[in-house]
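1. Model the structure of this input:
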Amino acid sequence: MLDWLLLFLEIMLINVVLSGDNAVVIALASKNLPVAQRKQAIWWGAFGAIGLRVVLTIIAVYILKIPFIQAAGSLLLLWIAIKLLIDEEGHSDVREATTLGRAVRTIIVADFIMSLDNVLAIAAKAEGDIAVIILGIGLSVPIIIWGSTLVMKLLKKFPILVYLGAGILGYTAGEMFTADTIVYEKLLGQTPHSVVPVVTTAIVIAAGLVKKFVIRPKIT
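-> Numbers count the residues shown, from 1 in each chain. This is a model prediction of the structure:
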């Protein structure tokens, strides 16, 4: 029970860290609608996006069991974790919609495009537990609908949350790589499995620290 609870909390943290931009997309897409339609667009768009994400994540759970694909997925997840710390670009290019239908469509399409990180991270972390996937993603609905401003403020006020989320992604990427036994044995041989997640986590955190303390001072 404790393991399940920890897994659930990790999935929720991943959702909080990775869903901030999705919340901004919803706000931008429905910005020009009347108040009543704006609320409808937010609800329908969010539920459509979450439903699509649940389906994609469950599909990803089974796809990631295929040899070589899991190793490739681990490398992609590692890049997503690094990008989370070094990429400061937003999504201000999302087109504002003028009708309810267009707003809902914009929200769902934009969320689909932006959700690869969520889908891959949760599918890898959940290890086939469909119940925790559905519960974890389902509870991200209020995060996306009501919590966009709060999430962005928390992440800016406590940057450690971003590093913690990125670290979890890095660790999960390492676990994914070790689970692909064919690739792992060919590339790393007898290297202890416990070493790889630690190394991938260190790579992610190091990339974020280099961007923050080395590259940024040079730019400014």
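2. burial of Val54, as a residue count?
-> 18 (other CB atoms under 10 Å). Heads up, the C-betas are built off the backbone N, CA and C, glycines and all.
3. Next, it: secondary structure please.
-> Of the three states, Val54 takes helix under DSSP: H, G, I helix; E, B strand; the rest coil.
4. which residues are contacting stretch 199-215?
-> 78, 81-82, 85-86, 162-163, 166-167, 169-171, 173-174, 177 (CB atoms under 8 Å, 6 or more residues apart in numbering).
5. now stretch 165-172
-> Against stretch 165-172 from outside (CB under 8 Å, 6+ apart): 10, 13-14, 16-18, 77-78, 80-82, 84-85, 121, 124-125, 197-198, 200-205, 208.
6. Out of these, which end up buried?
-> 10, 13-14, 16-18, 77-78, 80-82, 84-85, 121, 124-125, 197, 200-201, 203-205, 208 (16 or more other CB atoms under 10 Å).
7. quick one: low-confidence parts of this protein?
-> Low-confidence segments of the chain, defined by pLDDT under 70: 15-32, 87-98, 107, 109-118, 127, 139-156, 216-220.
8. Name the residue most distant from the centre of it?
-> Gln190 (31.4 Å; CA atoms, centre = their mean).
9. Contacts only, for it.
-> Contacts of Gln190 by CB under 8 Å, 6+ apart: none found.
10. returning to that earlier point: how about the contacts of stretch 199-215, which pair is most distant?
-> Val162 and Phe177 (22.9 Å; CB to CB).
11. Which one of the two is surrounded by more residues?
-> Shown here are Val162 and Phe177; by other CB under 10 Å, Phe177 has more neighbours (25 against 18).
12. Now do the strands in the protein.
-> Counting by DSSP state E, the chain forms no strands at all.
13. those helices in it, which residues are they?
-> Assigned by DSSP state H, the helices in the chain fall at 2-18, 20-29, 35-63, 69-86, 100-114, 116-126, 130-138, 140-145, 148-157, 160-179, 181-188, 195-210, 216-219.
14. Since that was my last question, I'll sign off now.
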